[in-house]
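J.: With the sequence up front, the predicted model follows.
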Amino acid sequence: MPEYKETNTESDKLGRRQLLRLGGLGLGAGLLSRAFGQSVPQQQAGVDRPATPWPAEFDPKGSAPPYPPRERPKPGDKIHVHDIEVTIGIHEIVPGVQTHMFMFNKSYPGPEIRVKEGDWVQVNLKNTSPEFHTIHWHGIMLPMEMDGVPLGTQWPVGPNQEFRYLWRAQPSGTHFYHCHVMTTLHQQAGLVGSLIVEPSQPDVVQKTFPYKRDYTLILSELDTNFVRNMMAEMVEMGTQMEHMNHSPSMMREMNGRMMGWFKTKEDFVKAVKNGYIPPYLASRTGTAAPITPNWFMINGKSYPMTDPVMIRRGENIRVRLIGGGVMPHFIHLHGHDFWHVCQDGAPLASPVRMNTIPIYPGTTSDIVIQGTNPGFWHLHDHSDLATTNNGQHPGGMMTMLMYEDAREAGIKWEEVIAISS
Amino acid sequence: MKRTFNTILIAMAATLAGAQTQQSPVKEETAFQPQIEIAGSGVATLDIGREGLFGGRGLGSRSQINFSDSSLSFGAAQRLYGKGIGSFTIGGLTTDESNTGRGKQVFLHQAFLDFQDLRYEAYLGRTNTPSAQLLTFPTLREDDLVDYTTVANPFSDGGNAEEHRYSNVAAVAINSNLKHFVNVHAEHQIDSAGVSDSDSGLNSYGVTYQYLGNPALTSIERFPSYGLGFEHRAVKDSAGGASNVVYAGGVINLRPSVTNRLDLRILAQSSFGNDTSALATLNDTYRADHQAVAVSLRNLYSPFGRPSSQWSLTAGYRTYSKVTDANSYGVALSFVKSLGQGFDLVSQVGYERRSDAMAAAFGGHRDAAVFQIGLVFNFGSTFNQSVGPRRSPTNLLHKYIPN
């Protein structure tokens, strides 16, 4: 817009920079600019030119897949084979709070897949639940047929059906996988797991911050009412269809009159004229309220049942944070700053020093915590709604950074507990 | 005097609460919010017909604008410390103009407390008579053709058809896999005729067995529900003595289908043990030994799985074993067209005919015919939701959890 460009003078820029120094919002924006340094200047190119050009080593082709995604394995290539079964089970978030969940290999989150960049991964998905499922490999550059989008790139995997995914692990970094059928329900209801692709080349994070231990924290939320009601609806329909499969006449009925699936827009419009009521006109889900999460979890557990993150003095640990839910979270570590080193799997242009990092849905952030301040420190979402269990604080998305050698550092934790008790 | 006493109690309670707040500023327990449910059904029809003695309608005045069977219920439920669920339900429904001989237009049909866990359920208070829970028929109102579709209350004077469907119940139900239910119960069936032989007020005892299939497969399984029961009713000797009844019924899917279902309902009952040999009052027709059968054929059209329209033909026949030439039959052709979620256009044509011996109890009316057209709105809302349906498909298929 010309008017905007005309006001974009050098003095305006100066004024804005002063604001950036003063304001909290500006500080956040500044950090984000650094964290996402490769993209923000590009977005603002027509508005606010960078003071200096990008570094000479910047490679605009760097986002391309290292290997051609549509290649097939060659004889002798290493193939990691994983069997993943989807079932319905009961998951306990904290003692006394159980909920029905979809599960990958009877666990929530699903098993972590950890492979080396360039290796082949074969996942044999077996669906023994009454619902349809796929697996989307979030962040992986793969052939589109393996992307796991139901009715987009593959048919959803029905009850008692199997599907074989085959793709090459690239690019390196912290990624995750999740079911892409009715994602709002299926991912929230348990179908999510971490996917770590270790670099084939020397790891820049390891090189800068030598570490031996790394932790994966999947952040997610759960609306128990939504999941219960929607799962009941889905199980009901799945159970019906399973029974209808045994009757030719019912199969014909299922193929057209029962489901709201249409090949074309014209089919959809015709169906509405013939009496089909789209879900947005009248709820078929049994839910009358928008999704309101009441449980906030790290790796499927809410505080105090979350696992602590362990460290020792002088140690570097790598923590992989995965936004596996529907809400942003702002993970804050007490008593320390940490280094934000990777975003969505890729190393940043330069590590960013922070003590609170936003984790948005679908993103991953790797941070390195250095053992510089022995003790026991809270690590939690600073959006404090998420540090509750069903509305009760404390709880939710909270854990502890615990120094294993705190006693050697002179911290008598028994006394701390006695005093605070 | 009573009002004064209540005022004192309220004042005391306020004082105590105030004192407690001052002494203990930190609450020892967090206040809880139980799940609250409100459910209702509005039914209003324009009735056009001869005599109007159709179905459960009594001998009182009649209106051609009929809003009976409209109900509003309120419930509260919460999870208990173990794996149980506790709840309380209270509600009332409107009665037919002709049933309001006692000057009451609203009948308290629900007021009970319930405890349930995976295997057991116990409930106490005013609620559906267990024998009336076996089967419901798709007539416009539930008390249409009530003489055939419900096990009659032998203590009722006929002044209110709801007395056949609701009573004061103490029941324990045990189940297997949430599919097979055995309900053992004692009741106080409303004794408006004054023929009960019980000093304790418990005038009826019985047991019911019921099979309920997976709710997901109600329209697909050939036999989604069926059951049978026995009831002993302590009618005093001067009114013919104890009346026992056995009954059995169920639903058969003639054309299982999610979108275009055709089903058949059957309820048969036979009462025995009472010596009444003439039908002079409505109460006589309920306690005299009789056999009755009700059958209903229903087509439910649900394109894309959503109910759109329904028609049903319900017929019933009753005969008396100790009263000569006493019998009746009734038939109702009903139609429902969904106008929106829970909001329906309804219409029904009904006809009943009684033999001479039976008509005497109905003020000499041998037959009745009625045409009804109107609107129905079924609605419900849940607040502070925290308790799920006990028999959800998930609970049935993937282990039970009480939330």
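T.: Now that the structure is in, tell me what you want to look at. Residues are numbered from 1 along each chain as shown, chains lettered A, B, ... in the order given.
J.: Which residues are in contact with residue 275?
T.: Reading this off chain A. Neighbouring residues of A:Gly275 by CB atoms under 8 Å, 6 or more residues apart in numbering or on different chains: B:Pro303, B:Phe304, B:Ser308. Just so you know, the C-beta spots here come from the backbone N, C-alpha and C atoms, and that holds for glycine as well.
J.: nope, chain B
T.: B:Asp275 touches B:Gly240, B:Gly241, B:Lys322, counting by CB under 8 Å, 6+ apart.
J.: quick check, A:Val205 in a strand?
T.: No: using DSSP: H, G, I helix; E, B strand; the rest coil, the secondary structure at A:Val205 is helix, not a strand.
J.: restrict the contacts of B:Asp275 to contacts with chain A.
T.: With CB under 8 Å from any CB of the partner chain as the criterion, these include none near chain A.
J.: From those residues, list just the buried residues.
T.: B:Gly240 (16 or more other CB atoms under 10 Å in any protein chain shown).
J.: Relative to chain A, which of the contacts of B:Asp275 is nearest.
T.: Using CB to the nearest CB, B:Lys322 comes nearest to chain A of the contacts of B:Asp275, at 47.6 Å.
J.: and the closest one, which of the three is it?
T.: coil.
J.: buried ones in stretch A:89-109?
T.: So, applying 16+ other CB under 10 Å, buried residues of stretch A:89-109: A:89, A:91, A:93-94, A:97-104, A:108-109.
J.: nope, stretch A:201-218 is what I meant
T.: Neighbour-count burial for stretch A:201-218 flags A:Asp203, A:Val205, A:Gln206, A:Phe209, A:Tyr211, A:Asp214, A:Tyr215, A:Thr216, A:Leu217, A:Ile218 (criterion: 16+ other CB under 10 Å).
J.: And the contacts of it?
T.: If you take CB under 8 Å, 6+ apart as the criterion, stretch A:201-218 is touched by A:109, A:112, A:174, A:176, A:192-194, A:196, A:298-300, A:309-311, A:315-322, A:324, A:339, A:341-342, A:347, A:351, A:366, A:368, A:370, A:399.
J.: what's the spacing between that stretch and its chain's center?
T.: Relative to the centre of its chain, stretch A:201-218 is centred 19 Å away, using CA atoms, centre = their mean, to the nearest Å.
J.: And stretch A:157-166, by the same measure?
T.: 23 Å.
J.: Show me which residues of it are buried.
T.: Within stretch A:157-166, the residues scored as buried using 16+ other CB under 10 Å are A:Val157, A:Gly158, A:Pro159, A:Phe163, A:Tyr165, A:Leu166.
J.: Redo those as a markdown table? Include secondary structure and distance to chain B.
T.: Converted to a markdown table, those look like this (DSSP: H, G, I helix; E, B strand; the rest coil; distance: CB to the nearest CB, whole Å):
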| residue | secondary structure | distance to chain B |
| --- | --- | --- |
| A:Val157 | strand | 19 |
| A:Gly158 | coil | 16 |
| A:Pro159 | coil | 12 |
| A:Phe163 | strand | 22 |
| A:Tyr165 | strand | 26 |
| A:Leu166 | strand | 31 |
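J.: of those residues, closest to A:Met230?
T.: For those, the residue nearest A:Met230 by CB to CB is A:Pro159; the value is 17.1 Å.
J.: OK, contacts around the closest one?
T.: A:Asn127, A:Thr128, A:Ser129, A:Pro130, A:Glu131, A:Phe132, A:Gly238, A:Met241, A:Glu242.
J.: Okay, strands next: where are they in the stretch 151-300 of chain A?
T.: A:162-168, A:173-178, A:192-198, A:213-222, A:295-298 (DSSP state E, counting those that start in this stretch).
J.: So what's the model's average confidence on the last one?
T.: Per-residue pLDDT values across strand A:295-298 average out to 98.
J.: pLDDT below threshold where in the chain?
T.: Using chain A here. A:1-52, A:254-261, A:279-289, A:417, A:419-421 (pLDDT under 70).
J.: That was the other one, I meant chain B.
T.: Along chain B, the parts satisfying pLDDT under 70 run over B:1-32, B:50-63, B:98-103, B:403.
J.: OK, now which residue of it is nearest to chain A?
T.: Nearest residue of chain B to chain A: B:Ala216, at 3.9 Å (CB to the nearest CB).
J.: Of the buried residues of stretch A:157-166, which pair is most distant in space?
T.: A:Pro159 and A:Leu166 (22.7 Å).
J.: What ranges does the stretch 101-250 of chain B have for its helices?
T.: Using DSSP state H, counting those that start in this stretch, the helices assigned to the stretch 101-250 of chain B run over residues B:146-149, B:162-165.
J.: Near chain B, which residues of the stretch 101-250 of chain A? Just list them.
T.: A:130, A:224-225, A:228-229, A:231-232, A:235-237, A:239-240, A:243-244, A:247, A:250.
J.: For the residue of chain B closest to chain A, give me its contacts.
T.: A:Val235, A:Glu236, A:Met237, A:Thr239, A:Gln240, B:Pro393.
J.: quick one on the thing from earlier: got CSV for the contacts of B:Asp275, with distance to B:Gly84 too?
T.: Shown next, in CSV, are the contacts of B:Asp275 (distance: CB to CB, whole Å):
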residue, distance to B:Gly84
B:Gly240, 43
B:Gly241, 41
B:Lys322, 47
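J.: Of the contacts of B:Asp275, just say which sits nearest to B:Gly201.
T.: Sorting these by distance to B:Gly201 puts B:Gly241 at the head of the list, at 19.0 Å, by CB to CB.
J.: All set now, cheers.
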